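J.: quick one, what's the 3D model for this:
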Amino acid sequence: MAELLHAGALATTVLSTCCAAAAGPRARARELALALIMLVAMADVVVGWGMLAPVWWAALLVIVAMASAISRARRAASSVARSARAMDALGGILMAALLLVMSSGTVSTGAHAGHGVSSSALVWTVVAASVLFAAASLHMGVTMRMPHPVAPVRARVVRRIAPLAMGASVLLMAAVVVV
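T.: Numbering: from 1, shown residues only. Prediction:
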């Protein structure tokens, strides 16, 4: 079951990366960089290539997501564009958390239980955040206003599919953690 969920998460991440590649030339480089890092990090952890330890992939994802959100926040003209950029950054951070949780193996409450929170509470917090992110992505993909009503069909389809694919990928990875 976990293998099917991994495959689904990887497939939806590929779809999300394709949407980033199909975005307009202005945002393409920044969005594509984050999407490609997410894709390679997921593939490395899921397939087991061992290119980097999951903690390094997570650190890289957080850094790139934060840098991407900061550099693009000032240039975003519309609220739709700002929301999409914020969701991209949140998705990158959640992917980082999920990679860490997925790679940690069994959940233990040993040495760090004295700090007041068990690691299982952290796992369930990440899963709950993933479910909320997926719901927000679904809402964004379904109800998104298009800034230009005469935009090409490709642009409208990409803008709707990208958040749906990202939300599905995060949700499938969270399901792997639960299973």
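
J.: with adjacent residues omitted, what lies nearest to the one residue sitting closest to the centre of the chain?
T.: Centroid-nearest residue in the chain: residue 91, 3.1 Å away (criterion: Cα atoms, centre = their mean). Counting by Cβ to Cβ, 6 or more residues apart in numbering, residue 91 lies nearest to residue 166, which is 4.7 Å off, once chain neighbours are set aside. The C-beta positions use only the backbone N, C-alpha and C, and glycine is treated the same way.

J.: in terms of secondary structure, what does the strand or helix carrying that neighbour contact?
T.: Residue 166 is located in helix 153-178, with elements delineated by DSSP states H and E. Applying 3 or more Cβ pairs under 8 Å, 6 or more residues apart in numbering; DSSP states H and E, we find helix 153-178 packed against helix 2-22, helix 79-103, helix 119-143.

J.: run a quick neighbour tally on residue 8.
T.: Using other Cβ atoms under 10 Å, residue 8 is surrounded by 17 other residues.

J.: for the protein, give me the ranges with low pLDDT.
T.: Where the chain drops to pLDDT under 70, the residues are 24-28, 71-77, 105-118, 145-154.

J.: now do 90
T.: 1-3, 6, 16-34, 45-50, 67-88, 102-122, 141-162, 179 (pLDDT under 90).

J.: list the contacts of the closest residue in space to residue 164 that isn't next to it in sequence.
T.: Excluding the flanking residues, the one nearest residue 164 by Cβ to Cβ, 6+ apart is residue 141, at 3.9 Å. Applying Cβ atoms under 8 Å, 6 or more residues apart in numbering, we find residue 141 in contact with 160, 161, 162, 163, 164, 167.

J.: most neighbours, which of those?
T.: Compared across the contacts of residue 141, residue 162 has the highest neighbour count, 28 neighbours, by other Cβ under 10 Å.

J.: check contacts around it.
T.: Taking Cβ under 8 Å, 6+ apart, one finds 16, 19, 20, 23, 84, 141 in contact with residue 162.

J.: ditto for residue 44
T.: Taking Cβ under 8 Å, 6+ apart as the test, what residue 44 contacts is 50, 51, 52, 57.

J.: then residue 34?
T.: Residues in contact with residue 34, defined by Cβ under 8 Å, 6+ apart, are 20, 61, 64, 65, 68, 88, 89, 92.

J.: what strand or helix carries it?
T.: helix 25-43.

J.: now the helices and strands packed on helix 153-178 in CSV, with distance to residue 45?
T.: Below are the helices and strands packed on helix 153-178 laid out as CSV (distance: least, Cβ to Cβ, whole Å):
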stretch, distance to residue 45
helix 2-22, 9
helix 79-103, 6
helix 119-143, 15
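
J.: quick one, which of the ones you listed is packed in tightest?
T.: Comparing these by mean neighbour count (mean count of other Cβ atoms under 10 Å), helix 79-103 comes out on top with a mean of 21.
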